[in-house]
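[1] any chance you can model this:
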Amino acid sequence: MSYQDLDLERSFARVGELSLKEPSGTVVKLKRVVKHPDFKYQRHTDMVYNDIALVQLQEAVPFSDTVAPVVLPSPREVFSANAECWVTGWGHFTWYSVLVGGAALDQLRSYTGALLDWRGGDQKEATRYRRVNKRTRERERAREREREVETSCPVKVIKERERERERERERSGNVPSCKGITKRNLEPCGARSIAMATVSVPLSVLRLLEVALTCVSFSLVASVGHSSSSYWAWCMFSWCFCCFLTLLILVLEFARLSARLPISWDDFTTSFAMLAALMLLAASIIYPSVVFSCPGCARQVAASVTSCLAFLAYCVEVGVTRAQPGQVSGFLSTVPGLLKVLEAFVACIIFISLEPARVSAFPGLQWCVAVYALAFIFSLLIIILTVGRLLGACPCPLEQVLVAFNVLAVLMYATAVIVWPVYAFRNNPRPSNCRHCPWDGLVVVSFMTCVNLLAYIVDTVYSVRLVFFVTPS
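    So this is what the prediction gives:
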């Protein structure tokens, strides 16, 4: 089939797909595109077309019998005849062709020949075109990323922010050393570092305060003396862990080594702040109520006060991190991410409060322990994959997987809320001489089960809303 004996207008009105043979012998396949209500045809060859640019071109050039002169993002001249014409352009490292109605056959043959010549060797013009339009394409991609971040699920935010951090790391790796004004750039090379330092100053001061408060807490408790209570060990571990890990974060940030670590630094610091706040909240409640009950013990009272202040400092850090523009950069900085940290921590409190002898005697309690373990493992896996920058590489639709798991966790925890009290307290009243005995742990497990059930319900509602009810604007 040649161009001369082809009625393009009638064929396009009745045929959904047809093949043409160009003068050079190249077979061109024209296929109907259904992304636009008008009739559109895309050209399939051995090269890949730019889908976004193709859709924009289709919207700019409607299908009609006659078209006005069209201005397209093409480096070559577009035919401005009153009849339909063959218009060709290319995007970023790709090109596409759209046929609009019938064509002037002489123009079509000459332009097709020029196109084939360009495909053979005219690469300089394509390179120049890409350079001229580089800024425009970057602005379009930035706007697309902003719209996706505003309207999509947190798991989608992860993938985009991971790519953004990779690009930022590549750019920062090529920044010259600070020696005043560089020849390549009239901006001082230290300006970017100064701006970053200015943004992080409030967090640095807050973390220094956290280090001081937690250090004072475990120092005061250690000066009183050692205790064999497991609750005392938990409180000491909480203060020491928060103090030294916060100090490590400060050292890495001041030494500018955090960007070189193969982890998501924003997710790591946010999740640690949330975890530290929960640990210190537990220590601030457990230590004065369980470990000691001496109103006149000044050092113990002071340690409890400083622990409460440290808890407030970590809460402020979580709030400041989420309040700063652009700081919500990962899944663990979102509400579902923080809920995952809360769910994992509550599960840890449940595990340390279990009574093995009681659990092993009743299958119902064993089912509850299985519920706690399965939910904890999945939450911990999500946290580890997020911090390790591995969540975005998973081929599964993670937002749907998270919703399904949250629904399953709600159902399992709903059974545990009913089953645990039935088997834990049946024929098992509180001993009369029990001041701090294992029976109290059963109460703690019952209460924490209800807390985790509420956390999973909120997590499920939030995730379902983001996945199924939030539509792109």
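[2] torsion angles phi and psi at the spatially closest residue to Pro438 that is not a sequence neighbour?
    Spatially, and ignoring its direct neighbours in sequence, Pro438 is nearest to Glu355 (4.7 Å; C-beta to C-beta, 6 or more residues apart in numbering). For every residue, glycine as well, the C-beta is placed using N, CA and C. With angles defined as degrees, to the nearest 10, Glu355 sits at phi -110, psi 100.
[3] got a list of what Glu355 touches?
    Pro438, Gly441, Leu442 (C-beta atoms under 8 Å, 6 or more residues apart in numbering).
[4] likewise Gly388?
    Gly388 touches Pro262, Ile263, Ser264, counting by C-beta under 8 Å, 6+ apart.
[5] quick check on those: which are buried?
    Ser264 (16 or more other C-beta atoms under 10 Å).
[6] could you export the contacts of Gly388 to a markdown table, including columns for pLDDT?
    Below are those laid out as a markdown table (pLDDT from 0 to 100):
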| residue | pLDDT |
| --- | --- |
| Pro262 | 79 |
| Ile263 | 79 |
| Ser264 | 77 |
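[7] from the contacts of Gly388, pick the one nearest Cys242.
    Within those, proximity to Cys242 (C-beta to C-beta) peaks at Ile263, which comes in at 18.9 Å.
[8] tell me which of the contacts of Gly388 fall in strands.
    Judged by DSSP state E, the contacts of Gly388 include no members of strands.
[9] between the contacts of Gly388, which is closest to Val251?
    Nearest to Val251, judged by C-beta to C-beta, of the contacts of Gly388 is Ile263 at 15.7 Å.
[10] can you count the residues close to Arg256?
    Residues lying near Arg256 (other C-beta atoms under 10 Å) number 12.
[11] residues touching Asn452, list them.
    Contacts for Asn452 (C-beta under 8 Å, 6+ apart) come out as Glu343, Val346, Ala347, Ile350, Ala375, Tyr413.
[12] need phi/psi at the fourth one.
    Spelled out, that is Ile350. For Ile350, the backbone dihedrals (degrees, to the nearest 10) come out as phi -60, psi -40.
[13] per-residue pLDDT, it?
    Turning to Ile350, the model gives it a pLDDT of 89.
[14] quick check: it touching Val451?
    No - if you go by C-beta atoms under 8 Å, Ile350 and Val451 don't touch, sitting 9.4 Å apart.
[15] name the residue in those two with the higher neighbour count.
    Ile350 (26 against 15).
[16] who touches Arg299 in this structure?
    Arg299 neighbours (C-beta under 8 Å, 6+ apart): Leu220, Val221, Ser223, Val224.
[17] tell me which of the residues you listed fall in helices.
    Within those, residues falling in helices by DSSP state H are Leu220, Val221, Ser223, Val224.
[18] out of these, which end up buried?
    Leu220, Val221.
[19] quick check, nearest of the ones in helices among the contacts of Arg299 to Thr306?
    Distance to Thr306 across the ones in helices among the contacts of Arg299 (C-beta to C-beta) is lowest for Leu220, with 7.3 Å.
[20] chain neighbours aside, what residue packs nearest to the closest one?
    Ala303 (4.0 Å).
[21] kindly report the same for Ser463.
    In space, Ser463 is closest to Val403, 4.9 Å off (C-beta to C-beta, 6+ apart).
[22] list the buried ones in the helix or strand hosting that neighbour?
    Val403 belongs to helix 398-425 when assigned by DSSP states H and E. Buried residues in helix 398-425, counted by 16+ other C-beta under 10 Å: 398-399, 402-403, 405-407, 409-410, 412-413, 416-417, 419-421, 423-424.
[23] and it, what does it pack onto?
    helix 154-173, helix 363-387, helix 438-464 (3 or more C-beta pairs under 8 Å, 6 or more residues apart in numbering; DSSP states H and E).
[24] and stretch 250-266, C-alpha only, in PDB?
    Taking C-alpha atoms only, stretch 250-266 is exported to PDB below (Å, rounded to 0.1, in the frame of the first residue of the first chain):
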ATOM      1  CA  LEU A 250      24.700  14.800  66.700                       C
ATOM      2  CA  VAL A 251      28.200  13.700  65.900                       C
ATOM      3  CA  LEU A 252      27.300  12.300  62.500                       C
ATOM      4  CA  GLU A 253      25.400  15.500  61.600                       C
ATOM      5  CA  PHE A 254      28.200  17.800  62.700                       C
ATOM      6  CA  ALA A 255      30.800  15.700  60.900                       C
ATOM      7  CA  ARG A 256      28.500  15.700  57.800                       C
ATOM      8  CA  LEU A 257      28.700  11.900  57.600                       C
ATOM      9  CA  SER A 258      25.000  11.300  57.700                       C
ATOM     10  CA  ALA A 259      24.500  11.700  54.000                       C
ATOM     11  CA  ARG A 260      27.100   9.000  53.300                       C
ATOM     12  CA  LEU A 261      25.300   6.300  55.300                       C
ATOM     13  CA  PRO A 262      23.400   3.800  53.200                       C
ATOM     14  CA  ILE A 263      20.100   4.500  55.100                       C
ATOM     15  CA  SER A 264      17.300   6.900  55.000                       C
ATOM     16  CA  TRP A 265      18.500   9.500  57.500                       C
ATOM     17  CA  ASP A 266      15.300  11.400  57.800                       C
END
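[25] tell me which residues of that stretch come out buried.
    In stretch 250-266, counting by 16+ other C-beta under 10 Å, buried: Leu250, Leu252, Glu253, Ser258, Ser264, Trp265, Asp266.
[26] which of those sit farthest apart?
    Leu250 and Ser264 (18.4 Å).
[27] for Leu365, list the residues it contacts.
    With contact set as C-beta under 8 Å, 6+ apart, Leu365 has these partners: Arg358, Val359, Val419, Trp420, Tyr423, Ala424.
[28] Ala409 versus the fourth one, what's the distance?
    Counting by C-beta to C-beta, to the nearest Å, the gap from Trp420 to Ala409 is 15 Å.
[29] please apply the same query to the first one.
    With distances taken as C-beta to C-beta, Arg358 is found 24 Å from Ala409.
[30] ok, back up a step: closest to Thr460 out of the contacts of Glu355?
    Using C-beta to C-beta, these come closest to Thr460 at Leu442, 27.1 Å.
[31] and that closest one, how many residues sit next to it?
    23.
[32] please name the nearest non-neighbouring residue to it.
    Ala424 (4.5 Å).
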